[in-house]
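> Below is the structure, and that's it, no one-letter string:
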Ligand code: NAP
């Protein structure tokens, strides 16, 4: 499907790996100029090089989304370098420690909330202001199946991802008449380095696969396809909503 995104400017946080990298590749194939913002500059530069070698347009930029000043600088840089902002995907995230809530370390709680919830707020705040200058824009926040259901031992991650769903809904209503759409996507278990890390920590790879109604985990490209659709004008009446891409995991 031609999504009509040619020559738009997009910023994708956490674009150096996994789901974010797949989103960057797919946007670039649609003719979008992609700013790949990641804390891992080497990874962002690698994805940018792949895109540019394939004839697309990508620019790697360092950001720690948990640092409000970093995010403000990133958005000012994007606006100055690319002449404005049309599309944004707030995807950077970490999984955090698995531990019962009663003994969950406070520093670990703060580390997870800082990146997975505060980081999304900082990004959405500045993206909205950049998009208001153009009078249009589309933002997709990446939550998780754990934005609507819970997994034991992940209270910080589950709370942050539920928070991203609430943040998205509130902001979408506020800007619904300003030409800015804001949606949230909840991936199920997707094959990326983040999930590999969780498996190592939990040694639960086979149990995880047995819980998948489709008998397999998803691919980053299967999340990217939904995100690109939501970013496009094909989704012009879709805003403020949560969209699962989880192979029926949360249908149990
Ligand atoms: P990933 O492969 O680990 O990629 C995440 C990228 O974000 C990495 O390059 C990471 O850098 C970067 N990052 C981490 N902290 C950052 C920060 N403070 N500022 C900027 N960039 C930062 O993860 P993924 O599996 O693709 O996950 C992407 C998003 O989808 C996350 O929000 C995750 O919670 C969500 N999600 C994933 C799954 C899944 O099954 N994979 C399921 C549901 C939701 P480092 O590698 O240096 O940390």
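That came through fine. Given the structure is predicted, the values throughout are model-derived calculations rather than measurements. Numbering: from 1, shown residues only.
> close enough to count as contact, residue 240 and residue 174?
No: Residue 240 is beyond contact range of residue 174, at 9.7 Å (criterion: C-beta atoms under 8 Å). For the C-beta atoms, the positions are set from N, CA and C on the backbone; glycine is no exception.
> any chance you could map the helices in this protein?
Here the chain has its helices, by DSSP state H, at 18-29, 41-53, 68-82, 106-113, 119-134, 155-174, 193-202, 205-210, 220-231.
> Pipe those helices into JSON lines and attach distance to residue 11, mean pLDDT and mean neighbour count per row.
Shown next, in JSON lines, are the helices of the chain (distance: least, C-beta to C-beta, whole Å; pLDDT from 0 to 100; neighbours: other C-beta atoms under 10 Å):
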{"stretch": "helix 18-29", "distance to residue 11": "10", "mean pLDDT": "98", "mean neighbour count": "25"}
{"stretch": "helix 41-53", "distance to residue 11": "11", "mean pLDDT": "98", "mean neighbour count": "18"}
{"stretch": "helix 68-82", "distance to residue 11": "5", "mean pLDDT": "97", "mean neighbour count": "17"}
{"stretch": "helix 106-113", "distance to residue 11": "22", "mean pLDDT": "98", "mean neighbour count": "15"}
{"stretch": "helix 119-134", "distance to residue 11": "7", "mean pLDDT": "98", "mean neighbour count": "20"}
{"stretch": "helix 155-174", "distance to residue 11": "16", "mean pLDDT": "99", "mean neighbour count": "20"}
{"stretch": "helix 193-202", "distance to residue 11": "20", "mean pLDDT": "72", "mean neighbour count": "14"}
{"stretch": "helix 205-210", "distance to residue 11": "31", "mean pLDDT": "72", "mean neighbour count": "12"}
{"stretch": "helix 220-231", "distance to residue 11": "11", "mean pLDDT": "98", "mean neighbour count": "21"}
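> Quick one, which of the ones you listed gets closest to the ligand.
For these, distance to the ligand was read as C-beta to the nearest ligand atom. The smallest value, 2.3 Å, belongs to helix 18-29.
> I'd like the distance from that closest one to the chain centre, please.
A distance of 11 Å separates the centroid of the chain from that of helix 18-29, by C-alpha atoms, centre = their mean, to the nearest Å.
> Equivalent analysis for stretch 19-30, please.
Worked out by C-alpha atoms, centre = their mean, stretch 19-30 lies 12 Å from the chain centre.
> Now do it: everything it contacts.
Residues from elsewhere that reach stretch 19-30, judged by C-beta atoms under 8 Å, 6 or more residues apart in numbering: 3, 5-6, 10, 12-15, 34, 36, 38, 43, 47, 50-51, 54, 56-58, 87, 89, 91-92, 142, 187, 190, 192, 219-221, 223-225, 227-228, 231.
> so, in contact with the ligand or not, that stretch?
Yes: counting by C-beta under 6 Å from any ligand atom, the ligand is contacted by stretch 19-30 at 19-20.
> What of stretch 123-131?
No: Stretch 123-131 lies out of reach of the ligand by C-beta under 6 Å from any ligand atom, never closer than 9.6 Å.
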